[in-house]
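In: Have a look; sequence and predicted model below, questions after that.
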Amino acid sequence: MTLGLFLTQVLNGLQLGILLFLLAAGLTLVFGIMNFVNLAHGSLYMMGAYFAAAAFGYTGSFLLAGAFAIPATMLLGIIVERVALTHLYQRDHLDQVLATFGLILFFNELVRIIWGPASVYMNAPAVLTGTVDLFGLRYPAYRFAIIGVGLAVALGLYLLIHRTRVGMLIRAGATHPEIVSALGVNVRGLNTLVFGLGAALAGLAGLMAGPIVSVQSGMGEPILILTLVVIVTGGIGSIRGAFYGALIVGLVDTIGRAFLPLLLREVMERSVAQAAGPAIASMLIYLVMAVVLAIRPQGLFPVKHG
Amino acid sequence: MSAGTSTSLTAARWGAGEIFAVVLLAGLALVPVISAAIGQPFYVTLFTRIVIYALAALGLNLILGYGAMVSFGHALYLGIGAYAVGILSFHGIDNGWAHLGAALGVGAVVAVVIGFVCLRTSGMAFIMITLAFAQMFYFFAVGLRQYGGDDGLTIAGRSDFGLFTLASNNALYYFAFVLLLLCLFVFRRLVNARFGMVLRGCRSNERRMAAMGFPTLRYKLTAYVISALVCVVAGVLLANLAKFASPSTMAWQTSGELIVMIVLGGMGTLIGPVAGAAALLLLEEVLAGWTQHWMIILGPLIVLIVLVAKKGLFGYVVEWDARRRARHGASS
């Protein structure tokens, strides 16, 4: 095991974590301010990827694909919010989970009807197809771009939430919705804005993931479940928690899958390690989550009230 | 006059809810006879699936309906039951008691550990964590390359219980049906006993129950484990029906469908989940007959059910009966 290999895996983990952050940020914002759980968030990510792939197929330009996919996903999210979800804010979590479960079935079947059951592919922009030489370590430029975009979004979100008036309203709405509403703020509009923002981030995640995963029906669920692990580990409703949680989950998952089977081979018989390694590696992040919950049920970075 | 009193007496003892339950169960009891009479043995298989899912939904409803613990991961326990049969059969053990014993043993250990961690949280976090744990075992099963990994595990023969085997479809059907009746009977006692009262008390106000001195975590954990074990038994039956155990048994969609069944039939009632399982699986069958893209109809239908029809089938029967009686009482 060389240092270079290890660093490559760390970067891979970072890149997965950043992708997870884009989704977790939207989900946790919606949860924080509306107390609403949107399982269909993974479907928005999938739709974003399909929109991007379709636009890429027509134009051949990654930038145009992004310019189409992100607003389209945002619009789709707002429509879904207005038509179905806005009736669910006052209902209990069971209703929200069930209704968004129905939406997932709908969207998965919809893309199968429109784009067929086979995967759709799209390429990274030509500028970013090469590799970057980082102190002798060659790493795909596109994956660097994902990390860069994610960090930029994280910074932007931080500034938005902590330095602007809208961000102040979002923070206030998360802790004291009645008072914010009594002060004359249009909470309905604020909800739609936050939901649209979350959808746009999901669309961005779909766009960025498009060239490195296969775009297919049902691609949203595995990543949605990872996202749930992220926000439970980080603390539900907290952007900071989403950021650190995403990095922890991304790194643990990637490094675990890469090195745990090798590690097990040192302490176990080769055949046992061969069989158990991948199985245990895929359970690792859930074990991390279980340990976090056992020690701190509210997550690592819970929202501070008051 | 005397006729009037006697009907009102029977009506008092037999509300529409009870009649609904008896008719539903009697109908289920007659399924093999009817399907033999009309020469459609396929229906026995379909209804075996319905009875098995009804059993699983009944188990989940103990915590979801009576305890307000929304587990989005009970497919995990179906999977444990299915894999217990699959793995033991793979090693040449086809004794049904061994299958059941192994499934229940492993299921109990897993349920105690997972339940203990999950019950540290409540509400939204509980939903997400149960989902995540089910997914963890899903990936564990995918990782079990020796036992088929992603493709699953074909089971050579059905469980052999010594006194009887499940080899024939009718035997499997009645075995599942008897287990369903048994579970209904036990749960009826359970939810009306002190245990069920405490559980329902926790549903409305857990803090008050704790203040009254009930060790609420212990009650909730016990309910969680019982509900998990019922699902484990359903998983054993499911593996026998399909002669197949695969990770897809514990896919998260299955957990979702179990919840849909409960809500569709009537949450927090005994017969509701049975009615819901029958309704959902028959609906899927009909829709699948129409179009291969039946999920495009089912998805919005679920949204609609949640938005407008929250009481469930059984809830509406009871409500209709209450309205009818109120009208009847006012007119006489």
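Out: Happy to help now that I have it. None of these values were measured; they are calculated from a predicted model.
In: sec struct for whichever residue of the stretch 151-300 of chain A sits closest to chain B, please.
Out: Closest residue of the stretch 151-300 of chain A to chain B, C-beta to the nearest C-beta: residue A:279 (2.9 Å). Any C-beta I mention is one placed from the backbone N, CA and C, and that applies to glycine too. What DSSP: H, G, I helix; E, B strand; the rest coil gives for residue A:279 is helix.
In: got the contact list for the nearest residue to it once chain neighbours are set aside?
Out: Distance criterion C-beta to C-beta, 6 or more residues apart in numbering or on different chains; nearest residue to residue A:279, sequence neighbours excluded, is residue B:143 at 2.9 Å. Residues near residue B:143 by C-beta atoms under 8 Å, 6 or more residues apart in numbering or on different chains: A:278-282, B:149.
In: Apply 6 Å and report the result again.
Out: A:278-279, A:282 (C-beta atoms under 6 Å, 6 or more residues apart in numbering or on different chains).
In: Would you mind checking those residues for buried ones?
Out: Among those, those buried by neighbour count (16 or more other C-beta atoms under 10 Å in any protein chain shown) are A:278-279, A:282.
In: Pick the one among these closest to residue B:291.
Out: Using C-beta to C-beta, residue A:282 is the member of the buried ones among the contacts of residue B:143 that lies nearest residue B:291, at 35.3 Å.
In: got the contact list for the closest one?
Out: By C-beta under 6 Å, 6+ apart, residue A:282 lies in contact with B:139, B:143.
In: Could you say which helix or strand holds it?
Out: helix A:270-295 (DSSP states H and E).
In: Could you list the buried residues of that helix?
Out: A:273, A:275-286, A:288-290, A:292-293.
In: what does stretch A:255-270 give?
Out: For stretch A:255-270, burial by neighbour count (16+ other C-beta under 10 Å) applies to A:255-261, A:264.
In: residue ranges of the helices in the stretch 201-332 of chain B, please?
Out: Secondary structure of the stretch 201-332 of chain B, counting by DSSP state H, counting those that start in this stretch: helices at B:216-242, B:252-265, B:272-290, B:295-308, B:312-331.
In: would you turn those helices into CSV with distance to chain A, mean neighbour count and mean pLDDT?
Out: Shown next, in CSV, are these (distance: least, C-beta to the nearest C-beta, whole Å; neighbours: other C-beta atoms under 10 Å in any protein chain shown; pLDDT from 0 to 100):
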stretch, distance to chain A, mean neighbour count, mean pLDDT
helix B:216-242, 12, 24, 94
helix B:252-265, 4, 25, 92
helix B:272-290, 11, 20, 92
helix B:295-308, 3, 19, 88
helix B:312-331, 12, 15, 81
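In: so which of these gets nearest residue B:93?
Out: Between these, helix B:216-242 lies closest to residue B:93; by C-beta to C-beta that is 13.3 Å.
In: Check which helices and strands the closest one sits against.
Out: Contact here means 3 or more C-beta pairs under 6 Å, 6 or more residues apart in numbering or on different chains; DSSP states H and E; on that basis helix B:216-242 packs against helix B:42-67, helix B:75-90, helix B:96-118, helix B:169-192, helix B:194-211.
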